[in-house]
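> mind folding the following:
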Amino acid sequence: MSRFGTFTLVAAMSIFVSVSCSKDEAKDTPAGQKTVKAVPDKAPEPTPDKPTEPTATAQIAEMVAGCEASADARTARHTAKPLYERLGGHDPIVAVVKRIIELHVADDSPIKDVFKGVDLDKLAGHVVNFVGMGTGGPEKYTGRPMKEGHAHLKLTDEMFLAAGVDIMETLAEFKVPKNETEEFMCIILSFKDDVVTM
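Predicted structure coming up:
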């Protein structure tokens, strides 16, 4: 599995799985009856410490390292055929951007509050132009610089990672191939220091 595939699984689990359920042993016991617990024949074998989930910062750092390692291969692919063309051009990028924004603002999204009061159509237009220009298309981004446009949002690594999960899910939903997914995510990751301020 690629490090980007690992990112999807690890990030999704760390964001959406926060509570483990335990079985209520007494719920089926009739009133007045004592519950007898079985005693094992011998003490249980010691278990190694559970590995801790990597932090959002560590996961992002791992992905950035992956982008650095794949830089030459990504450049060669882009030179042979721009990512914009391999993504299908303007219309598929519009569809992907709209779906990402839908996931960002969904009721169960951990980053939905960032988008309160935002004109989502205007945002989508800016993002389409940003992605188009950044992937080698004819679009021109005329919005604010990334740092200036995101400073007031007070984004954290955890929020950036949550946004990344939405992007990865969307790319998978649209069946974007592995190389193009990696290239798309590396573009997003290249702006991490401009958008994460907390």
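
> can you pull out the helices in the protein?
3-16, 56-69, 71-80, 83-86, 90-105, 120-134, 146-150, 157-173, 178-189, 192-195 (DSSP state H).

> I'd like those helices as CSV, with distance to Val114, mean pLDDT and mean neighbour count appended.
No exception for glycine: its C-beta is placed from N, CA and C like everyone else's. Output for the helices of the chain, formatted as CSV (distance: least, CB to CB, whole Å; pLDDT from 0 to 100; neighbours: other CB atoms under 10 Å):
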stretch, distance to Val114, mean pLDDT, mean neighbour count
helix 3-16, 15, 35, 17
helix 56-69, 15, 93, 16
helix 71-80, 29, 95, 12
helix 83-86, 26, 97, 18
helix 90-105, 8, 97, 17
helix 120-134, 11, 96, 17
helix 146-150, 9, 89, 14
helix 157-173, 7, 95, 20
helix 178-189, 15, 95, 19
helix 192-195, 11, 91, 15
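
> got TSV for the ones you listed, with distance to Lys140 too?
Below are the helices of the chain laid out as TSV (distance: least, CB to CB, whole Å):
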stretch	distance to Lys140
helix 3-16	29
helix 56-69	25
helix 71-80	19
helix 83-86	13
helix 90-105	13
helix 120-134	6
helix 146-150	16
helix 157-173	22
helix 178-189	16
helix 192-195	19
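
> now do stretch 67-78: distance to the chain's middle.
A distance of 21 Å separates the C-alpha centroid of stretch 67-78 from that of its chain, computed with CA atoms, centre = their mean, to the nearest Å.

> my bad, should have said stretch 54-74
Centroid separation between stretch 54-74 and its chain, computed with CA atoms, centre = their mean, is 13 Å.

> now do stretch 140-158
For stretch 140-158, the distance to the chain centre is 17 Å (CA atoms, centre = their mean).

> and the gap between the nearest residue in space to Pro110 that is not next to it in sequence and Gly89?
Spatial nearest neighbour of Pro110, excluding adjacent residues (CB to CB, 6 or more residues apart in numbering): Ala162 at 4.7 Å. Separation of Ala162 from Gly89 (CB to CB, to the nearest Å): 28 Å.

> for Arg77, what are its contacts?
83, 86, 179, 183 (CB atoms under 8 Å, 6 or more residues apart in numbering).

> which among those gets closest to Leu153?
Leu153 has its nearest neighbour among the contacts of Arg77 in Glu183, at 25.3 Å by CB to CB.

> just checking, that closest one touches Ala76?
No. The pair Glu183 / Ala76 is not scored as a contact, 11.2 Å apart, by CB atoms under 8 Å.

> tell me how far stretch 168-186 lies from the chain's centre.
11 Å.

> ok so, going back, for the contacts of Arg77, which two are the farthest from each other?
So, these by CB to CB: farthest apart are Leu83 and Asn179, at 9.1 Å.
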